[in-house]
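Chemist: Attaching a predicted model along with its sequence, questions to come.
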Amino acid sequence: MATEGEATGLVFHPMDQFIVTPLFRTLGPGETVNWYEPTNVTLWMAFIVLAIIALMVWGTGGRGLIPNRVQSIAEMAYGMVHKMVDDVAGHEGVKFFPYIMTLFLFVLFANLLGLVPLGFTVTSHIAVTAVLALAVFVTVTGVGFARNGASFLKLFWISSAPLALRPVLAIIELISYFVRPVSHSIRLAGNLMAGHAVMKVFAGFAAVLWIAPVSILGVVAMYGFEILVAFIQAYVFTILTCVYLKDALHPHH
């Protein structure tokens, strides 16, 4: 028997677009993806890498004095991220620019390719964003101890606070430091997942004739908004990385 939702054409599952599936087989009931299997996540990560190579290598191969459009975009991205690193992390942080630039491009292209029809947004998965955030956390912590030794622990000791409050504030600072990769990853994944789910909901209502025009307008508006979100979230993820790097290089309150 058809359900009421099926009868009205309103059966849609906005979270199905985030399901990880193997590339070379169909999952049966109760089956799961094996760790060694290439999946749709693997495929779209490969597309992300190719897109970055196309922009930064092939697009700038000519190195013309009068840049073409692709070279202009690459140079603009390069200049923006380099200025961000220099302004936030300082001149000493510029040596980490290649790593931060790679992070920015990966997150940006992952967000944008997720908006391609039939695309898959890898940054909507906490497993992906958590790896990126943990990589930043481990890198920054390693840099902090390598550069400052035990003095890196001064990051948690607020010397300007009253002496009686310093132990309490140190505990709070320590907890907030270890929460960084959690907030760093959830912010990115949550924003991307929420936006795509809302777009799918609007698209589902397009099956109802009387509400279809409103639904289509909603999808168009959300799509434009999600393009903006794709850039903003890449920028936020990158600038937070720069802030954390600054703390590692200069761990003094």
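Modeler: Received, thanks.

Chemist: What segments of this structure are helices?
Modeler: Read by DSSP state H, the chain holds these helices, from start to end of the chain: 4-8, 40-53, 69-89, 97-113, 126-148, 166-204, 212-249.

Chemist: buried sites along the longest one?
Modeler: Buried residues in helix 166-204, defined by neighbour count with 16 or more other Cβ atoms under 10 Å: 166, 170, 177, 180-181, 184-185, 187-189, 191-193, 195-196, 198-200, 202-204. The way it works is simple: take the backbone N, C-alpha and C, and place the C-beta from them, glycine included.

Chemist: what does the third one give?
Modeler: The neighbour-count criterion (16+ other Cβ under 10 Å) identifies 70-71, 74, 77-78, 81, 84-85, 88-89 as the buried residues of helix 69-89.

Chemist: Dump the helices of the chain into a markdown table; add mean pLDDT as well.
Modeler: Formatted as a markdown table, the helices of the chain follow (pLDDT from 0 to 100):
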| stretch | mean pLDDT |
| --- | --- |
| helix 4-8 | 47 |
| helix 40-53 | 95 |
| helix 69-89 | 92 |
| helix 97-113 | 96 |
| helix 126-148 | 95 |
| helix 166-204 | 92 |
| helix 212-249 | 93 |
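
Chemist: How about Thr123, nearest residue that isn't a chain neighbour?
Modeler: In space, not counting the residues next to it along the chain, Thr123 is nearest to Ala110; the distance is 4.4 Å by Cβ to Cβ, 6 or more residues apart in numbering.

Chemist: ok, now which ones touch the one you found?
Modeler: Shown in contact with Ala110 (Cβ atoms under 8 Å, 6 or more residues apart in numbering): 44-45, 48, 121-123, 128.

Chemist: What of Ala170?
Modeler: Taking Cβ under 8 Å, 6+ apart as the criterion, Ala170 is in contact with 156-158.

Chemist: try 10 Å
Modeler: Neighbouring residues of Ala170 by Cβ atoms under 10 Å, 6 or more residues apart in numbering: 153, 155-158, 161.

Chemist: Let me know the closest of the residues you listed to Gly62.
Modeler: Proximity of these to Gly62 was ranked by Cβ to Cβ; the top entry is Leu155 with 45.2 Å.

Chemist: The closest one and Gln233, how far apart?
Modeler: Applying Cβ to Cβ, to the nearest Å, one obtains 26 Å for the distance of Leu155 from Gln233.

Chemist: now do Pro22
Modeler: To Gln233, Pro22 is 28 Å away according to Cβ to Cβ.

Chemist: quick one, which of these two is more surrounded?
Modeler: For Pro22 versus Gln233, the count of surrounding residues by other Cβ atoms under 10 Å is larger for Gln233: 24 against 16.

Chemist: hang on, isn't the more buried one packed against Ile186?
Modeler: No. If you go by Cβ atoms under 10 Å, Gln233 and Ile186 don't touch, sitting 11.8 Å apart.

Chemist: Need the overlap of contacts for these two.
Modeler: Common neighbours of Gln233 and Ile186, counting by Cβ under 10 Å, 6+ apart, are Thr129.

Chemist: Dump the helices of the chain to TSV, plus distance to Gly30.
Modeler: Listed next are those as TSV, based on distance: least, Cβ to Cβ, whole Å:
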stretch	distance to Gly30
helix 4-8	25
helix 40-53	20
helix 69-89	45
helix 97-113	30
helix 126-148	21
helix 166-204	25
helix 212-249	34
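
Chemist: what's the closest of these to Gly61?
Modeler: Nearest of those to Gly61, taken as Cβ to Cβ: helix 69-89 at 8.8 Å.

Chemist: tell me what that closest one is packed against?
Modeler: Using 3 or more Cβ pairs under 10 Å, 6 or more residues apart in numbering; DSSP states H and E as the contact criterion, the elements in contact with helix 69-89 are helix 97-113, helix 212-249.

Chemist: and the angle from it to helix 40-53?
Modeler: Per axes from the mean of the first three to the mean of the last three Cα atoms, to 10 degrees, the angle that helix 69-89 makes with helix 40-53 is 100 degrees.
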